[in-house]
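> give the three-dimensional model of this entry:
(one chain, ligands or ions: 1)
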Amino acid sequence: MNYKENLDTSNIPEHVAIIMDGNGRWAKEKGQMRLVGHATGVESVREALTAASEINVKYLTLYAFSTENWNRPKSEVDGLMDLLVTTIANELESLNNNDVRLMTIGNTDDLPDGCRNELLKAIEKTANNKGTVLILALNYSAKLEIKEAIKRIAKEYKEGNIGLEDVNDELVSNHLYTAGIPDPELMIRTSGEIRISNFLLWQLAYSELHFTPIYWPDFKKEDFYKAIYEYQNRERRFGRIGEQLNELDKND
Ligand code: FPP
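Model prediction:
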């Protein structure tokens, strides 16, 4: 089945988030170093970004490096940082040609200088682009994000700038790294693992979750379209029952 041709163009998610998993196992099964898996995974980043742009997904968030990933062997961490720097540098022109804007979420201050500088440069040079926004989650932890938001909200309360009655969903969302960005309607995780792994814990509250056994380096555009197709064929109820949704549709 050609998933792209069968998509409902009036129901494309505005924001898709992806946990790119399985690079290491993909490499191991081929008798290669883990870094070969990561390097091949860059090709899948390109596939997912192109697919997202082609169907007008406005935001694509990719979990590229978690705060827990520092615990990997130094050679792998260094290799991942180098890969990030070279990929951003190599792809900058292509991002601009395709009107893609780059953003990051996570504690990027603690990334190696070379990596942070390359990112800042690309963020600045793509800031006026109006197409898909590529959000890289780097040195990211959802629990840390929520803790930092709580601290800032507590400070605003202590200073008398907000009262308890002001603490609502919108206030919390506006204190997260993703302030101003709509929550993902769909989250995809590759490699067969069925976990959220400290990724966007607040933002995924009502997201549809799509788990595929495909390892990230094998993930292609058609796999992205398949995930969107399956998303479109689910019923999103937000706590309501199906009959209530039919009534809401009639009133549209
Ligand atoms: C998970 O696979 C993947 C990562 C931790 C890193 C993902 C990075 C890339 C795809 C390359 C750089 C990205 C950009 C945006 C330029 P794993 O190593 O956990 O695989 P395993 O579970 O099989 O060991």
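
> which SSE is the residue in the chain positioned nearest to the ligand in?
Per CB to the nearest ligand atom, Gly24 is where the chain lies closest to the ligand, at 2.5 Å. The C-beta positions use only the backbone N, C-alpha and C, and glycine is treated the same way. Taking DSSP states H and E as the criterion, Gly24 maps to helix 23-29.

> that helix packs against which elements?
helix 34-54 (3 or more CB pairs under 8 Å, 6 or more residues apart in numbering; DSSP states H and E).

> quick one: mean pLDDT for the helix it packs on?
In this model, helix 34-54 has a mean pLDDT of 98.

> then stretch 223-234?
Average pLDDT, stretch 223-234: 96.

> buried stuff in it?
Asp223, Phe224, Tyr225, Lys226, Ala227, Ile228, Tyr229, Tyr231, Gln232 (16 or more other CB atoms under 10 Å).

> ok, and what's touching that stretch?
3-4, 6-8, 11-13, 16, 47-48, 51-52, 55, 57, 185-186, 188, 208, 210, 212, 214 (CB atoms under 8 Å, 6 or more residues apart in numbering).

> just the buried ones among the residues you listed, please.
Among these, the ones that count as buried by 16+ other CB under 10 Å are 3-4, 7, 12-13, 16, 47-48, 51-52, 55, 57, 185-186, 188, 208, 210, 212, 214.

> what about the strands in this protein?
Assigned by DSSP state E, the strands in the chain fall at 15-19, 59-66, 101-105, 133-140, 186-189, 208-211.

> out of these, nearest to Ile123?
Evaluated with CB to CB, those place strand 101-105 nearest to Ile123, the distance being 5.3 Å.

> name every strand pairing with the closest one and say which way it goes.
strand 133-140 (parallel) (DSSP bridges).

> tell me the mean pLDDT over the strand it pairs with?
Mean predicted lDDT for strand 133-140 stands at 98.

> do it and the ligand meet at all?
Yes. Strand 133-140 comes into contact with the ligand (CB under 6 Å from any ligand atom), by way of Leu136.

> which residues sit in contact with Leu60?
Leu60 touches His15, Val16, Ala17, Ile18, Ala48, Leu49, Ala52, Thr132, Val133, Leu134, Ile135, counting by CB under 8 Å, 6+ apart.

> which one is the last one nearest to, not counting chain neighbours?
This means Ile135. In space, and not counting its chain neighbours, Ile135 is closest to Thr61: 4.2 Å by CB to CB, 6 or more residues apart in numbering.

> got a list of what the one you found touches?
Per CB under 8 Å, 6+ apart, neighbours of Thr61: His15, Val16, Ala17, Ile18, Ile105, Ile135, Leu136, Ala137, Pro184, Leu200.

> picking that back up, got the strands of the chain as TSV, with distance to Ala127 columns?
Listed next are the strands of the chain as TSV, based on distance: least, CB to CB, whole Å:
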stretch	distance to Ala127
strand 15-19	19
strand 59-66	15
strand 101-105	7
strand 133-140	11
strand 186-189	26
strand 208-211	30
